[in-house]
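Q: just coords:
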C-alpha cells in the first residue's frame, strides 16, 4: 500500500495545476462483530479508503473525494477538484495549506491489535454470551478491531502520517424486563483487553441492580461514572469554538482568562502522557500540542481552525485527545461525603436547549442507583435532566481517578479519552420517566 | 452485471443458503456557505460492493472497492468465513430468513433537472443572495446555507434470482439565520429535509423569499418572552415539527429489530412489544400512521430494499391501534411466519443492511379543517413550527421536544411570539391527546436525512409527513 500511496502523492504533485492543494488519504481496516440477545447478528470486515483532494486557485477552492487510489481515480479526482475550484467564488476567509512543520512523535500502534484475528474476537463474544446465560440475562453489543492509517500532504510541504490501532467493546446486559447495564472499553492494544475483568465489572454492576423505584424530580447529589462524565462534557465541547464565542452565540464571549467554570474542573489535551493515544496532527495540518482548554475553572483556550485563527491573528489549535483532570477520591468515599444521592452509569440523547446559556437536556440510562449513608440501597427509575454545564462544574465536590471512556454511541477508533468519576452537588432533574 | 454473477455463483459453490451483492456508487455534492464564506464545496464519490451471505443461521458480510473477478471471489470467501465464525455462536440460537422471491426490475427517482448538471455558478448565485439577504438584518450575526445533492446508483442481485437496478436522487437545501444581542442568541431555519427529486424542487422552494422571513423570525425570537412555568396547554404542531416527533415516538418504536432487542446496546429497545399488536391504543381514533416505501418523493423509496423485498404500503397504526411493525427478512421470523415489509437498508456499499424506519406519515383528517380554523378553536395553547431540541428515552416512551418557532395562542388568536419552549410528554399520552388533524390540503412532507442507528452507526434517510394537528392538555413551558 505504501508504494501506491507514494504513487498517488507523486501523481497529485505532477498533475495538479492549482496554486495550492491539500491531499488526504485515510485508510481504515476494520472488523466489526455485532451481537444481540446472545447471538451474533452482524459480522463484517474490510478496508475502507477515503482519498480527498482540496485544490485552490488564488482564494477559490474546492474539494473532491473518492475511495480508490489507482491512477485513473487520482487523475479524475484532480480534474474534478480543479474544475469546481475554478468555477467557485472567492472565499474571503481563504487560508493557504499548512507548510512543512514538525509534528510530535506519538505511539498509537500496538501489534496485539494489528494481529488480532476474527477468531479471537468471536471468542471474546462467546465468553460474554456464556456469562449472560449463566446470569439468565441477555447480552448485546459490538466488538471492533480498527487499524487506521492517515496521510496528509500539502503543496506547501506538509507531510504527515499517523497509524493508530484500537480494540473496543461496548455491551449491555439486560434481563429484558427492568434491569439493564452497560460497560464500554477501548484499548490501544488488544492484549490489554482483560475479558475476565470486564465480565467481573459488568456482573457487579448488574448484580447491584434491583427492581427500580420511582423517585421525584428535583435536585440530587450525583456520582457520575466516567462514561456519564464523558458524554456530558463531550456535548459541551460541541460548542467550544472561538468563532461562535466571538459572535456571542455561545456562553464564552470574551471569557478566555476568566474563571467561569468551577475550580475543580480542568480539561486539557496532552501529547506527553504515553498511556493515552493522541492524533499527532489535525486534518488541516495543525501539529498536536499539550494544551489546557480549562484549567482550575479558568477558560484557557477555544478551538480555532487555521482559517479563523488567521482572521483573528492568533495561532490555530485542535484537540488531539480529551482529558479531564482526576483526583484521588474513590466511589465509596464519595458516597460517604454526602447524605444520599444517585450513582449514574450513563447519559443518553443529550441535546441542546439553549446555545447561549450552554444548557442541555438528556436522560439517565444503563443503570442508576440510589445510595444513602454510604451504601447503595436500590435502583432508580430513569430521570431527565436539564442542566447548564458551566454551573455543574461549580458544584463538583470530589473527583476520582481519570479512566478511559468511549463516545456516547459506543464506539471509538482511538484510546484517547480519560475522565474521572465526579461527585456533583444538586444536579437538576426536571422530569421522571416510566422505567 | 458480470460481477454480480461471479459473486453469487462463487457463494453458492461454497454452500451458502443465501447470498446477495450490492454494487453501489454514491455521489454527493455539498456546498456550505457561512457568512458569505465558502466553508465547503465538495464532490464525493463512493464506489464499491458489499457481499452478504447466510449460512447455518448466521450472516457474514465483507466489502471491497476493487472490481476484479479475483477480488470479488476473495470478498465472497471473507464473507463466508465471517458467517462461519458467527454460526459457532448461533448454533443453539440461529437467525432465520423470511420467504421471498426473486425480482428483475428497475427503479429511478423522477428527476426533471439533474442537480449535478446545474452549474455551480447558478447554485452559488442563489446561495450568496440568500446569505446576503439574511445578513442585511443588523441583528443577524450568522447566516448559513447548506446544499446537498445526492445520487445513489445501485445494482442488487441475490441467489433468489433478483437482478434489480435503482437510481435514487435527492436534493436538500437548508438555510439558518442566527440573531444575537447582548443577552441571547437565537436561530431560525428553513429545513424541510431532503426530497427525492431534481433541481426543479429547489427552484420551487423560493428560498430567497424565505430568507427574509427566516431572518425576521430569528430576530423576533431574540426579543420574545419565555413561556414561563410548565403547565398544561394545547399544542398545535405544524408538519415541519411533527415530522421529527413522529420519527422519534412512532417510527423508531415500531422498528421490529428494536422490538426484538437487537439495538439494546445503542439506539435502544421499544415499549411497543408484540403482545400489544392489534389492541394497544397508541393514539386517538383519528390517528392513522402509514408506512409507505412506494411514495414517489420519499427518501426511503428505492423500488426494493436491500433484502430485495419490494416497497410496500401498510398501516403501522390504524384507528389509533398498534397494527404492525416495519420489518426485514431476518427480523420478521421472530414474530411470525409472514413476509418482510421491506425495511432493510444500508447506507453505503460497505454497510450491513439493518431494519430502518420506512417513509412514515400521519394520514390527514377526513373533515375539512385548516390551521387557521384550528387556531381559532383553541383557547389556551402554543403553536410550534419546525424542529428544535429533541430528546427521547431508549424505550421510546418519555420525551422532551422543542421547536424552531413558537406562538402563544389565546382565545383563538396567535397573540405573541415565544422562545425556548419545551414540551414534555410520553407514549401513549401524546398521540392519544390528538383531537384534530387538518385535512389533506395542508398535508406536507418532511425529510429526515440523518437518522443515526446501528453499530457501527449508519446515517439513513426517510420521509415523514402530516397536516397540522392539535394535541390537548400537554405539559409545556421553559426548561425547568
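A: Looks like it arrived, so ask away. Computed from a prediction, not measured in an experiment: that's the story for all the values here.

Q: give me every residue in the stretch 251-400 of chain B lying close to chain A.
A: Within the stretch 251-400 of chain B, the positions near chain A by C-beta under 8 Å from any C-beta of the partner chain are B:260-266, B:268, B:271, B:330, B:350, B:352, B:354, B:389-395, B:397-398, B:400. In short, each C-beta sits where N, CA and C put it, glycine included.

Q: which of those fall within helices?
A: With DSSP state H as the criterion, helices contain none of those.

Q: hmm, residue B:479 and residue A:430 touching each other?
A: Yes: counting by C-beta atoms under 8 Å, residue A:430 sits close enough to residue B:479 to count as a contact (7.2 Å).

Q: any common contacting residues for these two?
A: A:361, A:386 (C-beta atoms under 8 Å, 6 or more residues apart in numbering or on different chains).

Q: picking up where we left off before, mark which of the residues of the stretch 251-400 of chain B next to chain A are part of strands, please.
A: Using DSSP state E, the members of those that fall in strands are B:354, B:390-392, B:398, B:400.

Q: most neighbours out of the residues you listed, which is it?
A: Neighbour counts for these (other C-beta atoms under 10 Å in any protein chain shown) peak at residue B:354, which has 27 neighbours.

Q: who in the stretch 201-350 of chain A is up against chain B?
A: A:247-250, A:348-350.

Q: what subset of those residues is buried?
A: The neighbour-count test (16 or more other C-beta atoms under 10 Å in any protein chain shown) marks A:247-250, A:348-350 as buried among those.

Q: before we move on, the earlier item: the residues of the stretch 251-400 of chain B next to chain A, buried ones only, as a PyMOL selection?
A: Entered in PyMOL, the line below selects the buried ones among those, by 16+ other C-beta under 10 Å:
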select buried, chain B and resi 260+261+262+263+264+265+266+268+271+330+350+352+354+389+390+391+392+393+394+395+397+398+400
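
Q: residue B:363 contacts residue B:289, doesn't it?
A: Yes: using C-beta under 8 Å, residue B:363 makes contact with residue B:289 at a distance of 7.5 Å.

Q: more neighbours, the two?
A: Neighbour comparison, residue B:363 and residue B:289: the larger count goes to residue B:289, with 26 against 19 (by other C-beta under 10 Å).

Q: phi and psi next, for the more buried one.
A: phi -110, psi 130 (degrees, to the nearest 10).

Q: bridging residues for the closest residue to it other than its chain neighbours?
A: Ranked by C-beta to C-beta, 6 or more residues apart in numbering or on different chains and with sequence neighbours excluded, the top spatial neighbour of residue B:289 is residue B:317, at 4.1 Å. Applying DSSP bridges to residue B:317 gives these bridge partners: residue B:289, residue B:322.

Q: what about residue B:317, neighbour count?
A: Neighbours of residue B:317 (other C-beta under 10 Å): 26.

Q: what sits against it?
A: Per C-beta under 8 Å, 6+ apart, neighbours of residue B:317: B:250, B:254, B:282-283, B:287-289, B:323, B:431.

Q: export the residues you listed to TSV and tack on distance to residue A:88 and pLDDT?
A: TSV is the format used below for the contacts of residue B:317 (distance: C-beta to C-beta, whole Å; pLDDT from 0 to 100):
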residue	distance to residue A:88	pLDDT
B:250	42	98
B:254	44	98
B:282	50	98
B:283	49	98
B:287	48	98
B:288	48	98
B:289	44	98
B:323	51	98
B:431	47	98
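
Q: from residue A:396, how far off is residue B:394?
A: 27 Å (C-beta to C-beta, to the nearest Å).

Q: what of residue B:91?
A: 50 Å.

Q: show me the contacts for the closest residue to residue B:360 other than its chain neighbours.
A: Nearest residue to residue B:360, sequence neighbours excluded (C-beta to C-beta, 6+ apart): residue B:251, at 5.0 Å. Neighbouring residues of residue B:251 by C-beta under 8 Å, 6+ apart: B:326, B:357, B:360, B:462, B:464.

Q: on that earlier part again, among the ones in strands among the residues of the stretch 251-400 of chain B next to chain A, which one sits closest to residue A:181?
A: Distance to residue A:181 across those (C-beta to C-beta) is lowest for residue B:398, with 19.5 Å.
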